[in-house]
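>>> The following block contains a protein sequence and its predicted model.
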Amino acid sequence: MNSNDSPNNSPLILLVDDDRPTRMMLRRAMQNEGYRVVEAADGIEGLELYKQLKPDMVLLDAKMPGMDGFTCCTQIKAIAGGLGIPVLMITSLEDEDSVDRAFEAGATDYITKPIHWAVLRRRVQRLLQEKQAEREILKALEQERELNELRSRIVTMVSHEYRTPLTAILSSAELLECYWHKWDEQKRLKHLERIQVAATHLTQLVADVLSINEVESGQIEFNPAPVNLERLCQEAIAHLRLSPASPHQITLTHHGDDFEVILDGNLVQQMLINFLSNSIKYSPKGGNIEVELIFYNPESLPEEQGLSLIDIDFNEIESPVTIFRVKDQGFGILPQEQGKIFNAFHRGSNVGTIQGTGLGLAIAKKCVELHRGEISIASEVGVGTTVTVTLPSRTSAFPLNPG
């Protein structure tokens, strides 16, 4: 363990690297920026120093003998809990698998060897600034106790959720700036795609926050109008922009007559997008996501509407309904948590380090309630989850495709 004599109020950085020359160069670079530094030669020592000193940031080598950086990062994140300690992982320039493993382990960002020192300085500075900003936000929340619980939780959630996509955007932009002339087109496109994905996540985050604010304040608008059910589902699926290489496949099955139905198309589409986004997010290994669209009118027998094979008891339905079912092959929801799954900000305890706001299902439930509909969930851990929504549905006078 080595440290230095920088001012006690300067940020403390923990360096964990088995290569002594690399540690010396990193320490010198960090001390030149005015940071305090403590060193560890392996993952086990680094973990112990983290427990003792609670540094402001960790610079962590990915490949080390004994406990490697990925295991060390996972354990540090587990100890830190919701404190959001920044971990900057050091990987080889060509080792893209290590980059993916670093983010899976909970790393905040990464930097490649050979180290570009200007990039390192900017990255460390940015992560520490973000950490300080988070502290100031939390301090402000503590001082403003009169704020209601919802607004407090929104600010805390946004300060946490914004960090990862913003870091991805800035990191990829910096790497493209430094290495554009050295990288081939495939590697450039990978980082451009990372920027696009992160920007999409930020856009959805803003939409979720605005939606939950409208929901809780009672300002959400309800504007029913004739909609084409099948087209509505297709547009929701298209909104997700799954690439051909995605491990997920979404299949849409339409049962019943093809009528225009009186619903709020915007709310229903948002509901479906939230369901599908969750199915994709919590099915990290991929698999098929089934979307079933069922329109049933009790004036005709199920057999006459092509519904005889659907596992729904239509005898209890007395007026026309539209039924949406989304079935995935993801983690599943623990039985004791299924009753809380539609609460705002609730996230399952088995989702690990997967990012999320816990708002999507709460917003979807409100969309259902505005239609005076019903929502239910069936889930088995390790098998998957099925969400079923039943909405009362008036129809327009004529079929979309009169025969």
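Great, that's in hand. Numbering: from 1, shown residues only.

>>> And the helices in this protein, which stretches?
Remark: helices assigned in the chain by DSSP state H are 20-32, 43-53, 69-80, 96-104, 117-143, 149-161, 163-179, 185-217, 229-239, 265-281, 360-370.

>>> Mean neighbour count for those - can I get that in TSV?
Any C-beta I mention is one placed from the backbone N, CA and C, and that applies to glycine too. Conversion of the helices of the chain to TSV gives the following (neighbours: other C-beta atoms under 10 Å):
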stretch	mean neighbour count
helix 20-32	16
helix 43-53	18
helix 69-80	20
helix 96-104	16
helix 117-143	15
helix 149-161	16
helix 163-179	18
helix 185-217	15
helix 229-239	17
helix 265-281	22
helix 360-370	21
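
>>> Dump these into JSON lines; add distance to residue 61 and mean pLDDT as well.
As requested, those are exported to JSON lines (distance: least, C-beta to C-beta, whole Å; pLDDT from 0 to 100):
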{"stretch": "helix 20-32", "distance to residue 61": "7", "mean pLDDT": "94"}
{"stretch": "helix 43-53", "distance to residue 61": "9", "mean pLDDT": "93"}
{"stretch": "helix 69-80", "distance to residue 61": "5", "mean pLDDT": "91"}
{"stretch": "helix 96-104", "distance to residue 61": "10", "mean pLDDT": "83"}
{"stretch": "helix 117-143", "distance to residue 61": "13", "mean pLDDT": "83"}
{"stretch": "helix 149-161", "distance to residue 61": "26", "mean pLDDT": "59"}
{"stretch": "helix 163-179", "distance to residue 61": "18", "mean pLDDT": "83"}
{"stretch": "helix 185-217", "distance to residue 61": "22", "mean pLDDT": "75"}
{"stretch": "helix 229-239", "distance to residue 61": "40", "mean pLDDT": "90"}
{"stretch": "helix 265-281", "distance to residue 61": "30", "mean pLDDT": "90"}
{"stretch": "helix 360-370", "distance to residue 61": "37", "mean pLDDT": "87"}
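
>>> for those helices, which one sits closest to residue 256?
Residue 256 sits nearest to helix 229-239 of all the helices of the chain, at 8.7 Å, using C-beta to C-beta.

>>> For residue 331, find the nearest of the helices of the chain.
With C-beta to C-beta as the criterion, residue 331 lies closest to helix 265-281 of the helices of the chain, at 9.7 Å.

>>> How about residues contacting that closest one?
Where contact means C-beta atoms under 8 Å, 6 or more residues apart in numbering, the residues beyond helix 265-281 that reach it are 204, 211, 220, 222-223, 225, 227, 232-233, 235-237, 239-240, 242, 248, 250, 289, 291, 324, 326, 328, 330, 354, 356, 360-361, 363-364, 367-368, 370-371, 385, 387, 389, 391.
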